[in-house]
Each structure stands twice: as structure tokens, then as C-alpha cells.
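Enquirer: How does the following fold in three dimensions:
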Amino acid sequence: MNTTNNSRRGFLGKLNAFGGGALGTFATSNVGSLWLTSSAQANQANSAEQFKIEFAQAVKADASLKPLAGLSSDVECAALEIEGKLPAQLTGRFYRNGPALFERAQQRYQHWFAGDGMVQQFTFTGQSISHKGRFVQTEKFKKEEQAKKFLLPAFGSSIPSSERVTGPDSMNVANTNVLEHGGKLLALWEGGSAIALDPKTMDTLGPIAWQKGWEQMPFSAHPKIDPQGNLWNIGSANGRMMSYHVHPNGQLAKAQIAKIPLDTKRTGGMIHDMAVTQRYLVVPIPPVIDWDNLTKGAIGNEVKTITANEPLRFWVAPKDDITQAKMFELPSEMVFHVGNAFERDDEILMTYAGGIANNFLRGSAVDIMRGRRTSPEESKLKQVSLNMRTGQAKVELLNNDAMEFPRINNTVVGRQNKLILSPVSWKKSATTDPSFQFDGIQLIDQESGKTDRYDYTSRFIPEEHILVGKKAGSSNEKDAWVLGTAYDLKTDRTCVSVFEAQSLASGPIARAWLPYAIPLGFHGNFHG
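Expert: Sure, this is the predicted structure:
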């Protein structure tokens with residue numbers, strides 16, 4: 001249903017006052033740290049200073065930590081050094097986004113998710129590649145850049161606030177994902193507005209309000225674009241779900257709000273990713289995040305991750321009326337990212353990366369900020385079946401290797417797909433090699449059961465890779481290139497690799513080298 005302006009304003013007022021709350025999004029919960037006592041804020045400042053000291057000592061001995069040191073200014077390269085031969089048909093812009101600024105003055109963030117976002121743009125001409133890395137000029141970034149110190153709360157980081165928070169965008173770091181749609185480049189976060197950039201100049205244009213009364217409404221970091229060019233997304237805060245349908249031209253088609261049928265004070269909750277089918281929105285809700293402790297500025301082991309006695313839930317809503325949503329339950333499990341969803345008879349089938357437990361939020365993502373190597377609990381590729389007629393749900397393990405960031409060929413979003421691409425670990429284990437690194441990438445053919453892999457070797461830290469279809473509308477998912485970035489420990493540089501999806505194991509057909517390293521990022525997309 002479409003809300004009235006009065007109800008929108010009322011909800012937004014609560015959102016601004018309480019910062020998202022349970023079943024909100026990551027960063028909005030930290031508004032609560034504004035109400036810490038002065039002694040608690042002093043302890044927070046000491047913790048931020050200690051993290052900077054520890055990281056500076058650790059990075060000298062561990063090269064894998066260097067891309068987590070961050071940057072303090074924009075970077076640019078007119079022509080990357082090319083190995084091999086670039087496909088002449090591969091033209092367009094490949095984007096990456098992630099936290100890139102972690103330190104100001106004598107303080108360092110204590111959580112990877114807290115860093116200010118930097119969008120990386122690699123422009124492919126068919127013969128050459130150029131690069132621009134630009135910090136997103138959010139309200140927070142500009143204030144702190146001028147002050148040369150941290151002024152505002154950040155996710156999982158003990159930063160005393162010296163600025164008034166007027167809403168989610170006061171803390172928006174725009175650091176999670178990036179995509180080009182409707183003529184604008186959107187830098188995305190979890191808890192506030194999409195931040196628009198000019199795709200040609202990379203200049204920040206500012207936050208987007210999709211319609212009057214929806215200023216600072218959460219616009220989540222994992223929208224999906226269907227084969228017709230429509231963008232679908234969700235947001236969540238204060239026990240409510242928002243949905244967005246944006247036309248291919250970038251104009252809003254419809255926005256909705258609905259209550260989520262959960263006792264959020266009891267369950268907690270986290271909403272991060274979503275999928276679309278031809279008729280439905282599908283959102284996993286794992287029972288994670290100790291909201292009370294996070295809003296008090298807690299970090300590390302003070303914060304719970306999984307509430308084991310609560311189920312993993314899937315919220316499924318018709319695109320045209322999200323008030324008619326159904327909730328499915330499965331055994332407790334952690335889910336960050338999904339692959340794809342599609343309808344088959346009465347069922348919805350969705351692939352996702354899931355694990356029985358996950359210490360990443362309070363463990364590895366904290367430890368790496370202080371220079372300690374730890375392994376998060378493993379997530380594996382799974383498929384859930386949600387029967388819309390009977391209400392039954394069941395899950396199936398598709399692959400036994402540790403993986404994350406599942407991606408598909410975007411030509412089949414919301415339709416039945418065969419291929420799943422992801423970074424993967426098949427050699428490392430938490431006991432033999434405590435590390436957050438992957439061994440390489442793999443492409444799983446769900447129809448044949450075959451897996452094609454490329455080993456990056458221990459010299460590299462590979463990141464999320466994506467499939468780029470060669471022909472618009474093609475039904476052949478393997479008629480594609482695979483693009484991805486990796487950090488080279490040997491040379492302290494970042495490279496972009498181009499593979500043929502037909503044969504990952506053969507290695508990259510081309511590799512382009514930056515003369516510098518860029519920070520490890522989260523997510524990205526290609527726009528041809």
C-alpha cells in the first residue's frame with residue numbers, strides 16, 4: 001500500500017529519533033551511542049586510539065593487512081598496465097565500492113563496516129582501462145574532512161559524537177555497493193539514502209529522496225535490476241519494511257511500507273540482501289545483532305551474532321502489495337548474501353550463502369581493524385524452497401566449500417538460472433590458516449553439477465567477481481566474461497582480471513594493473 005504523507009512523516013520522525021532500532025539496518029542502530037555517559041565516551045576514545053597503535057604495529061609484519069590501512073585522498077590512473085589482450089567488445093564501466101578511510105587524527109575505526117566509502121570506477125574501452133577512485137562526499141565525510149577528526153558515531157566503533165545527528169544520513173558512509181541506473185551512479189549503504197554521483201565526472205550529487213516525505217528513508221545496499229531494466233529494492237527500520245520499484249529511466253514507479261510481523265524486541269534481526277522473482281520480493285531475516293549492546297557502543301565479543309533459539313526467516317511479498325507478505329521459518333542460520341530467486345509451480349527457489357553460525361560481525365571484521373588475522377565461520381552455497389501454497393520451507397546444501405558473495409548473470413535475474421559465481425576457499429581452514437582470504441573463484445553449474453575453478457594462489461587476495469553478459473537478452477549464461485579485482489601481496493598493487501566464463505580454470509585472458517593498491521571493497525557492478 002502507499003502511505004499517506006502524514007504517516008510517512010510520522011514514521012520518518014521515529015526513524016530519525018531512534019535510528020532504526022531492532023530489525024533496522026546496521027549503521028542506524030548507532031544513534032543510541034549519542035546517549036553514552038561522558039566516562040563511557042572517554043573509554044570509547046581510548047579504544048579507537050589503541051586500535052590505531054595495534055594496527056600500525058601489525059601491518060609492518062603482515063602484508064595481507066595493507067589493503068585495510070585505507071586511503072586519505074582520491075586516486076586516479078589514466079591507463080592501467082595490461083597483460084594479455086582485452087576483448088574489443090568489453091566496453092563500459094566496472095564499479096566497486098567499500099570502506100576506504102579508517103583513520104583520522106589519533107583514532108581508527110574498530111569495525112570494517114565503519115569506513116567511509118570510496119567508489120572505484122574502471123572504464124573499459126576495448127583497448128585500454130582507466131581508473132578513478134573517489135570518496136563519496138557524504139554529509140559526514142565533508143564535516144570530518146574539514147575538522148580533520150571523527151565527529152560522528154560509526155557502526156561497531158567506539159567514536160564519541162561531537163555533532164548532532166539529525167537523521168540516518170548524518171552517519172551515512174555510502175560504502176557497501178554501487179550501481180549505475182537511470183543515468184545516475186548510486187553509492188549505497190544500509191541505513192539511509194542512496195547517494196547519487198555523476199558517472200562521468202564521479203562528482204557527488206547528493207542523497208536521493210525518491211518521493212516527497214521519503215527523505216532519508218533506508219534504501220538498502222542490494223537492489224536487483226530485472227532483465228527489463230526495472231530496479232527493485234527494500235529498506236527496513238522500526239519493524240517496518242519499505243519497498244521501491246524504480247523505472248529504467250530512474251524515476252520512482254511505486255514505494256510501499258508494511259509492518260513486519262515479528263516481536264523485534266525479542267528476536268533482534270538483520271536485513272541485508274534481497275531477491276526478486278517475476279511476482280515477488282524475497283528477503284532473508286537471520287536472527288542476528290544484539291541491538292541493545294550495539295546502540296551502547298559495544299564492540300567485539302560484547303556483541304552477540306546469532307540468536308540460536310530463533311529461526312532464520314524469509315519474508316516473501318507480492319511486488320504490487322507488500323502488506324500481503326508471508327513469513328517462512330527454518331532453523332537458525334546466518335545469511336548475508338543471496339544469489340537469485342525464481343518461481344516454479346507453487347514454489348519459490350532461492351540460492352544464498354548460509355552458515356550455522358557466524359562470528360564475522362563481532363570477530364573477524366573487528367580483528368582485522370586492529371591487525372589480527374582470524375577466520376569467520378564458514379558459509380556455504382544453499383538453496384531454499386518456499387512453498388507459497390502450503391507454507392512449508394526446506395533447505396538444501398548445494399556445495400560444501402566455504403564461499404561468499406554469490407553472483408549470477410544479470411540477464412536472468414528473477415528467472416531460473418544455472419550458474420552461480422563466487423569467491424571460494426577449498427584449501428584453507430580456520431585451524432590451519434586463520435585468514436579472511438579466499439583461495440580463488442568458482443563457477444557452479446547447478447544443472448550439470450560441474451564446478452569450474454581458478455586458483456589465485458596465496459600471492460593474491462581475490463574479492464567479489466561478477467558475470468558480464470556479452471549479448472543483451474542472451475539466454476546463454478556462459479556467454480559472458482568474469483571480472484574481478486584482487487590485491488597482490490608481492491607488489492602491493494591491485495589488479496583487475498578478465499576471464500572467459502566458458503573456462504575459469506584457464507586463467508584470465510587479460511589482467512590490468514594499477515600502479516597502487518586500493519582498499520579491499522565489498523560489492524560492485526558493470527554498466528555497458
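Enquirer: what are the ranges of the strands in the stretch 301-450 of the chain?
Expert: Shown for the stretch 301-450 of the chain, the strands assigned by DSSP state E, counting those that start in this stretch span residues 312-318, 326-330, 334-344, 347-355, 380-387, 393-397, 402-403, 419-425, 440-445.
Enquirer: do the stretch 151-300 of the chain as well
Expert: Assigned by DSSP E, counting those that start in this stretch, the stretch 151-300 of the chain shows strands spanning 177-181, 184-188, 195-197, 204-207, 224-225, 231-237, 240-246, 252-259, 275-276, 280-285.
Enquirer: tell me, what residue is most central in the protein?
Expert: In the chain, the residue lying closest to the centroid (CA atoms, centre = their mean) is residue 176, at 4.4 Å.
Enquirer: Any stretches of the stretch 1-150 of the chain with poor pLDDT?
Expert: 1-46 (pLDDT under 70).
Enquirer: Checking my notes, residue 119 in a helix, right?
Expert: No. According to DSSP: H, G, I helix; E, B strand; the rest coil, residue 119 belongs to no helix; its state is strand.
Enquirer: one step back: what's the closest non-adjacent residue to the residue nearest to the centre of the chain?
Expert: Among residues not flanking residue 176 along the chain, residue 221 sits closest, at 3.8 Å (CB to CB, 6 or more residues apart in numbering). No exception for glycine: its C-beta is placed from N, CA and C like everyone else's.
Enquirer: Give me the number of neighbouring residues for the one you found.
Expert: By the criterion of other CB atoms under 10 Å, residue 221 has 28 neighbours.
Enquirer: same check, this time on residue 256
Expert: Residue 256: 20 neighbours (other CB under 10 Å).
Enquirer: Is residue 91 bridged to anything, and to what?
Expert: residue 125 (DSSP bridges).
Enquirer: Kindly report the same for the one 10 residues further on.
Expert: When assigned by DSSP bridges, residue 101 has beta-bridge partners residue 116.
Enquirer: remind me which residues of the stretch 301-450 of the chain are low pLDDT?
Expert: 301-308, 357-358, 428-436.
Enquirer: Please repeat the previous calculation with a cut-off of 50.
Expert: Residue ranges of the stretch 301-450 of the chain with pLDDT under 50: 430-431.
Enquirer: nearest spatial neighbour of residue 515, skipping sequence neighbours?
Expert: residue 77 (6.1 Å).
Enquirer: you'd agree the residue nearest to residue 176 is up against residue 272?
Expert: Yes. In terms of CB atoms under 8 Å, residue 221 counts as a neighbour of residue 272; the distance is 7.3 Å.
Enquirer: element containing residue 462?
Expert: strand 460-469 (DSSP states H and E).
Enquirer: Report all helices and strands that that strand contacts.
Expert: In this structure, strand 460-469 packs against strand 419-425, strand 440-445, strand 480-488, strand 523-527, with contacts taken as 3 or more CB pairs under 8 Å, 6 or more residues apart in numbering; DSSP states H and E.
Enquirer: so which of the ones you listed gets nearest residue 171?
Expert: strand 523-527 (19.7 Å; CB to CB).
Enquirer: angle of the closest one against strand 184-188?
Expert: 170 degrees (axes from the mean of the first three to the mean of the last three CA atoms, to 10 degrees).
Enquirer: who does strand 523-527 pair up with?
Expert: Strand pairing (DSSP bridges) places strand 523-527 next to strand 91-101 (antiparallel).
Enquirer: List every C-alpha atom in stretch 111-119, with coordinates, as PDB.
Expert: Output of stretch 111-119 as PDB, limited to C-alpha atoms (Å, rounded to 0.1, in the frame of the first residue of the first chain):
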ATOM      1  CA  HIS A 111      34.900  -2.300  12.600                       C
ATOM      2  CA  TRP A 112      35.500  -2.800   8.900                       C
ATOM      3  CA  PHE A 113      31.900  -1.700   8.100                       C
ATOM      4  CA  ALA A 114      32.500   1.800   9.600                       C
ATOM      5  CA  GLY A 115      34.900   3.200   7.000                       C
ATOM      6  CA  ASP A 116      33.900   6.000   4.700                       C
ATOM      7  CA  GLY A 117      33.000   4.800   1.200                       C
ATOM      8  CA  MET A 118      35.100   5.100  -1.900                       C
ATOM      9  CA  VAL A 119      33.700   4.300  -5.300                       C
END
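Enquirer: Now do that stretch: distance to the chain's middle.
Expert: Computed by CA atoms, centre = their mean, to the nearest Å, the chain-centroid distance of stretch 111-119 equals 11 Å.
Enquirer: The closest residue in space to residue 202 that isn't next to it in sequence: which element?
Expert: Nearest residue to residue 202, sequence neighbours excluded (CB to CB, 6+ apart): residue 134, at 4.3 Å. Using DSSP H and E, residue 134 sits in strand 129-135.
Enquirer: Run the angle between that strand and strand 91-101 for me.
Expert: Using the same axes, to 10 degrees: strand 129-135 against strand 91-101 is 30 degrees.
Enquirer: got a list of contacts for strand 129-135?
Expert: Strand 129-135 is contacted from outside by 71, 73-80, 82, 86, 100-101, 116-123, 141, 197, 202-204, 496, 512, 514, 518, using CB atoms under 8 Å, 6 or more residues apart in numbering.
Enquirer: Neighbouring strands - and their directions - for it?
Expert: strand 75-77 (antiparallel), strand 116-125 (antiparallel).
Enquirer: which parts of the shortest one are buried?
Expert: Applying a neighbour-count criterion of 16 or more other CB atoms under 10 Å, one finds 75, 77 buried in strand 75-77.
Enquirer: tell me what whatever helix or strand comes next after it is packed against?
Expert: Remark: after strand 75-77, the chain's next helix or strand is strand 81-84, criterion DSSP H and E. Under the contact definition 3+ CB pairs under 8 Å, 6+ apart, strand 81-84 sits against strand 510-513.
Enquirer: which other residues reach the strand it packs on?
Expert: Contacts for strand 510-513 (CB under 8 Å, 6+ apart): 80-87, 122, 129, 493-498.
Enquirer: So what's the gap between that strand and the chain middle?
Expert: The answer for strand 510-513 is 25 Å, by CA atoms, centre = their mean.
Enquirer: Can you list the strands that it pairs with?
Expert: Here strand 510-513 has these sheet partners by DSSP bridges: strand 81-84 (antiparallel), strand 493-500 (antiparallel).
Enquirer: Just name the most buried of the ones you listed.
Expert: Mean neighbours per residue, mean count of other CB atoms under 10 Å, is largest over the strands paired with strand 510-513 for strand 493-500, with a mean of 22.
Enquirer: ok, and what's touching it?
Expert: Under CB under 8 Å, 6+ apart, the answer for strand 493-500 is 67, 80, 84, 86-87, 90, 94, 122, 129, 454, 465, 481-488, 506-518.
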